[in-house]
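[1] Below are the sequence and a predicted model; questions follow.
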Amino acid sequence: MIGIRRWFPGHPAARTSLCLLAAIALLAVAGPKLSPWRFDDLDWARIASAPGGEGQHWFGTDRLGRDLFVRTLEGVRVSLAIGLLATLVSLLIGVTWGAIAGFAGGRVEALMMRIVDVFYSLPYVFFVILLTVTLGRTPSTLFVAIGAVGWLTMARVVRIQAESLRHREFIAAAIALGVPTWRILVRHILPNLAGAVLVYATLTVPGMILIESFLSFLGLGVQEPAASLGNLMAQGAAEMEAAPWMLLVPCSFLVAIVLALGFVGDGLRDLLDPRER
Amino acid sequence: MSAEPGLLEIRGLAVRFPGDRHSVTAVDGVDLSLGRGRRLGLVGESGAGKTQLALAIPGLLPGAAVVGGSVRLDGEELLGASASRLRSVRGARIGFVFQDPQTALTPHLTVGTQLVETARAHGKLGRRAARAAARQLLERVQVPDPATRLNQYPHELSGGLRQRVLIAIALIAGPQLLIADEPTTALDVTVEAGILALFRELNAELGTALLLVSHDLAVVADLCEDIAVMYAGRLLEQGPAAAVLEVPAHPYTAALAGASPRLDAPAEAPLAAIAGGPPAPGAVLTGCAFAPRCPRAAPRCVVEAPLLRSGRPGGGAVACHYPLAGAGPP
């Protein structure tokens, strides 16, 4: 196994963040088994009790007496999964779409980007409501709803990058030497996009988590009793003055995840740029 | 000019960039031919249209350009050829070396990858055979330790080495014609001398014809057998390089030769310069393009554009109503 020190040379923050993310992910998977409580168990004796109180509620309980430790980790799991999967989908569609548009230029580019504009201009909440009405209120609907908008910004970011690359001399040189177009796209343009794409992807994950929480807050996303960081924070915000831990616990997890992803993206960018080696 | 058709025959090539108000004519009806294995230098000031002419040959101009005339490579018309046809010509039959070795190599791919991909784009070579060919060619263009270089990234090489690698990439598919656009401008003088020597050797050994685009008369005089002088999109004079540079027939060529710094001139002597500037890119030219700056201009020069006529003393052709009759610079 390669020593972790060699992963991000000169990037202690990225290394630490990667470890932190791994720890959070591990905790989200294994953590709930440590607690005697399940995410939907109600503890009638200890409603809205503070962290560190009796009954092994390490992070306290919510206003229905459900264990916040287990619910938060459950929420981290749901939110991370949605964030990562939606980002993956937006990467796939957005990068392909944007790279082709940016490299092709001219009419093809105009047509492809106008399609993106049309999607952008859809009233989002209305669109999601229509989706839930037609497809039903299932996790996969939520997924389609997030995926439908997630790739738009990615496509724009990639298109701009690809277009500026198209005018660089090494692309002109590759064209002048008859390198096949698909190869120029895949070998010469895509790796050059990696920096911007990865940095943007690390920003997309928390963005997706936020969209999920926003939809959950409106009752269109993850439904009670299932937990996500979004609906936990929404509930916590309502009890903020009386029971601040209900907001602070899921909030600190979100902040930790967002910051760690940012540092990892930064480290990845430097790692993938040969000029920084 | 010989009667036998050359490798590259350009007839009436015109490149125009249409604009909202007025269009810009970069190349204005150029005739040029280049024989098999010959070395032709295309000289002119910045903005004379040299690069646009060079890019037009393998169809590399941006989509906005309107190109007219005819470009034949080995009798095959390239203007208006299909994209896939052009792609099979580029690299395989016409190699192209760009000006700046710092930017013309893809930074995140190794030298070997870039050589191999060009070789494989045009031949039926396997990966291993292509890599062997790449290594041989690197050795041929005098890159020391080619086996190691193949695995290095462009930023690990010096400017001169990178230019050698670019030349190797341009040659790996065995083209008949190598177009080099100011290949030594970004290099320092000692490295430049090495690259020029390499061009001469490769031309002699492989028989690859060379079209060298340059603003440097000394480089062209050193390397090329033939010269073509371009000004404001037109050819003013062409012929054997030695004859044209020693005894210019066109006042512009004479002025250009006179403007080259000389080592034997007294140190305090001012550098000779041509008065005035070239016409603005969008300007409509009646008469000779050089007339406003020409010391010999007559009323006829302003109204009637001179045609490129053969029969200049010493061989070649000149476009001037009143050519210098075998005299030195005025």
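    That came through fine.

[2] Need the residue closest to the centroid of the chain.
    Assuming you mean chain A. residue A:205 (1.5 Å; C-alpha atoms, centre = their mean).

[3] Let me rephrase: I mean chain B.
    Closest-to-mean residue, chain B, C-alpha atoms, centre = their mean: residue B:213 / 2.3 Å.

[4] thought that one was touching residue B:185?
    No: if you go by C-beta atoms under 8 Å, residue B:213 and residue B:185 don't touch, sitting 9.8 Å apart. No exception for glycine: its C-beta is placed from N, CA and C like everyone else's.

[5] Local confidence estimate at residue A:116?
    On pLDDT, residue A:116 comes in at 93.

[6] so where does the closest residue to residue A:98 other than its chain neighbours fall, helix or strand?
    Using C-beta to C-beta, 6 or more residues apart in numbering or on different chains and skipping the chain neighbours, the partner closest in space to residue A:98 is residue A:158 (2.9 Å). Following DSSP states H and E, one finds residue A:158 within helix A:139-166.

[7] Residue B:96 now?
    Going by DSSP H and E, residue B:96 is in strand B:94-97.

[8] Residue A:224 now?
    Here residue A:224 is assigned to no helix or strand, by DSSP H and E.

[9] Equivalent analysis for residue A:26, please.
    Per DSSP H and E: helix A:12-34 holds residue A:26.

[10] now what about that helix, what contacts it?
    A:4-5, A:7-8, A:38-39, A:69-70, A:73-74, A:76-77, A:80, A:253, A:256-257, A:259-264, A:266-268 (C-beta atoms under 8 Å, 6 or more residues apart in numbering or on different chains).

[11] Of the residues you listed, which are in range of chain B?
    Of the residues in the contacts of helix A:12-34, proximity to chain B by C-beta under 8 Å from any C-beta of the partner chain holds for none.

[12] Drop anything exposed from these.
    A:8, A:39, A:69-70, A:73-74, A:76-77, A:80, A:253, A:256-257, A:260-264, A:266-268 (16 or more other C-beta atoms under 10 Å in any protein chain shown).

[13] Show me what the helix or strand where residue A:196 lies is packed against.
    Element membership for residue A:196 (DSSP H and E) is helix A:190-217. Counting contacts by 3 or more C-beta pairs under 8 Å, 6 or more residues apart in numbering or on different chains; DSSP states H and E, helix A:190-217 is packed against helix A:68-104, helix A:139-166, helix A:229-238, helix A:245-272.

[14] about what we covered before: so after the strand holding residue B:96, what's the next helix or strand?
    Downstream of strand B:94-97 (by DSSP H and E), the next one is helix B:111-122.

[15] What mean pLDDT does that next one get?
    Mean per-residue pLDDT for helix B:111-122: 91.

[16] Return the distance of it from the chain's centre.
    From the chain centre to the centre of helix B:111-122 is a distance of 24 Å (C-alpha atoms, centre = their mean, to the nearest Å).

[17] all strands for the stretch 201-330 of chain B, in order.
    Ranges of strands in the stretch 201-330 of chain B, per DSSP state E, counting those that start in this stretch, are B:209-214, B:226-231, B:234-240, B:309-310, B:317-318.

[18] Go through these and name the closest to residue B:88.
    strand B:209-214 (18.7 Å; C-beta to C-beta).

[19] Can you tell me the strand partners of that closest one and which way each runs?
    strand B:39-43 (parallel), strand B:177-181 (parallel) (DSSP bridges).

[20] That one vs strand B:226-231, what angle?
    40 degrees (axes from the mean of the first three to the mean of the last three C-alpha atoms, to 10 degrees).

[21] The residue nearest to residue B:59 when sequence neighbours are not counted sits in which helix or strand?
    Closest residue to residue B:59 apart from its sequence neighbours, by C-beta to C-beta, 6+ apart: residue B:86 at 4.6 Å. Per DSSP H and E, residue B:86 falls inside helix B:83-89.

[22] Could you check how sure the model is about that helix, as an average pLDDT?
    89.

[23] could I have that helix exported to PDB, CA atoms only?
    C-alpha atoms of helix B:83-89 as PDB (Å, rounded to 0.1, in the frame of the first residue of the first chain):
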ATOM      1  CA  ALA B  83     -12.800  17.200 -43.400                       C
ATOM      2  CA  SER B  84     -11.800  13.500 -43.300                       C
ATOM      3  CA  ARG B  85      -9.800  13.900 -46.500                       C
ATOM      4  CA  LEU B  86      -7.900  16.800 -45.000                       C
ATOM      5  CA  ARG B  87      -7.300  14.900 -41.800                       C
ATOM      6  CA  SER B  88      -5.600  12.200 -43.700                       C
ATOM      7  CA  VAL B  89      -3.400  14.700 -45.500                       C
END
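
[24] So for that helix, what gets flagged as buried?
    Here helix B:83-89 shows B:86-87, B:89 as buried, counting by 16+ other C-beta under 10 Å.

[25] now do stretch A:176-184
    Buried residues in stretch A:176-184 (16+ other C-beta under 10 Å): A:176-179, A:184.

[26] Tell me if it is near chain B.
    Yes: against chain B, stretch A:176-184 shows contacts by C-beta under 8 Å from any C-beta at A:176-181, A:183.

[27] Redo those as CSV? Include pLDDT.
    Listed next are the residues of stretch A:176-184 next to chain B as CSV, based on pLDDT from 0 to 100:
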residue, pLDDT
A:176, 89
A:177, 89
A:178, 87
A:179, 89
A:180, 88
A:181, 87
A:183, 90
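
[28] can you tell me which of those residues are in helices?
    A:176, A:181, A:183 (DSSP state H).

[29] residues in contact with stretch B:194-204?
    Residues contacting stretch B:194-204 (C-beta under 8 Å, 6+ apart): B:37, B:39, B:140-142, B:160, B:163-164, B:167, B:171, B:178, B:180, B:183-184, B:187, B:208-210, B:212, B:219, B:222-223.

[30] Apart from its neighbours in sequence, what residue is nearest residue A:73?
    residue A:31 (4.3 Å).

[31] gap between that neighbour and residue A:24?
    9 Å (C-beta to C-beta, to the nearest Å).

[32] ok, now residue A:150?
    Counting by C-beta to C-beta, the gap from residue A:150 to residue A:24 is 22 Å.

[33] Between those two, which is the more surrounded one?
    Between residue A:150 and residue A:24, residue A:150 has the larger neighbour count (other C-beta atoms under 10 Å in any protein chain shown), namely 25 against 19.

[34] ok, that one - contacts?
    With C-beta under 8 Å, 6+ apart, residue A:150 has these contacts: A:86-87, A:89-90, A:94, A:204, A:207-208, A:211.

[35] Please report how far it lies from chain B.
    27 Å (C-beta to the nearest C-beta, to the nearest Å).

[36] contact partners of stretch B:307-325?
    With C-beta under 8 Å, 6+ apart, stretch B:307-325 has contacts from B:1, B:31, B:226, B:234-240, B:243-244, B:246-251, B:254, B:288, B:296, B:298, B:300-301, B:304-306, B:326, B:330.

[37] Just the buried subset of these, please.
    Buried, going by 16+ other C-beta under 10 Å: B:31, B:226, B:234-239, B:243-244, B:247-251, B:254, B:288, B:296, B:301, B:305-306, out of the contacts of stretch B:307-325.

[38] Pass me the low-pLDDT residue ranges in chain B, would you?
    B:1-4, B:262, B:325-330 (pLDDT under 70).

[39] picking that back up, for residue B:60, state which of the residues of stretch A:176-184 next to chain B is nearest.
    Using C-beta to C-beta, the residues of stretch A:176-184 next to chain B come closest to residue B:60 at residue A:176, 5.6 Å.

[40] Could I get the full set of strands for the stretch 51-200 of chain B?
    Going by DSSP E, counting those that start in this stretch, the stretch 51-200 of chain B shows strands at B:66-73, B:76-77, B:94-97, B:177-181.
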